[in-house]
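1. Model the following, please.
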Amino acid sequence: MRLVQSPLAMAGLETDLHGKQRRLVHKSTPLEGGKEFTWSQEEFTVRDYSEGLPGLVWRNFYGPPFVRMFGERLASLPPECREPLGEDLVLVQPYTLPREAGTEAGLAREREFIALLGPECFYDHERLALPTRRPVLDALGQSLH
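-> Just a heads-up that it's a prediction; the model follows:
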């Protein structure tokens, strides 16, 4: 994270990351004769961390702007799922193995953690709504240390 100067890193199965970061949108265009041309395309749920978080995955590394945004809420997570990794850097791991993503238990754990951290910080996949609470960044999109 420090090497690429990013306050966020996520690790998990490609299918889980993809499902949190993108959504399938169905579109249509009217054609002559009352017919319609329909197609599907993928769109980002959030374009980057300045728009908030796409969800939780197996391993979520939060840097200073996210640690500040969550504040004391991080302490509400089970200790075995939250690991401070130094000054203003925290690992949040909702489940032990990446293959638990997408399972009933894994999804329930993600919902629990999102409720504890603040649902307003995460993309709402049911309502297709952007997060209403976002990290505070400088004018260049970098985290303020």
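2. residue ranges for the helices of this protein, please.
-> 14-21, 64-70, 104-117 (DSSP state H).
3. Could you pull out the buried residues of stretch 63-78?
-> For stretch 63-78, the neighbour count (16 or more other C-beta atoms under 10 Å) marks 63, 64, 65, 66, 67, 69, 70, 74, 77 as buried. In this view, the C-beta of every residue, glycine as well, is placed from N, C-alpha and C.
4. hey, where'd the strands end up in this structure?
-> Remark: strands assigned in the chain by DSSP state E are 8-11, 22-30, 36-44, 59-62, 82-84, 90-92.
5. now what about the last one, what contacts it?
-> Same thing as strand 90-92. Residues external to strand 90-92 that are found in contact with it (C-beta atoms under 8 Å, 6 or more residues apart in numbering): 56, 59-62, 66-67, 74, 77, 81-85, 113, 117.
6. Which strands border that strand, and is each parallel or antiparallel?
-> strand 59-62 (antiparallel), strand 82-84 (antiparallel) (DSSP bridges).
7. Can I get the longest one in CSV? Just the C-alpha atoms.
-> The C-alpha atoms that make up strand 59-62 are tabulated as CSV, following Å, rounded to 0.1, in the frame of the first residue of the first chain:
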residue,chain,number,x,y,z
ARG,A,59,-8.8,-9.4,3.4
ASN,A,60,-9.4,-5.6,3.5
PHE,A,61,-6.4,-3.4,4.3
TYR,A,62,-7.5,0.1,5.4
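8. what's it in contact with?
-> Counting by C-beta under 8 Å, 6+ apart, 1, 7-12, 70, 85, 89-93, 98 sit against strand 59-62.
9. Tell me how far that strand lies from the chain's centre.
-> On the basis of C-alpha atoms, centre = their mean, to the nearest Å, strand 59-62 sits 10 Å off its chain's mean C-alpha point.
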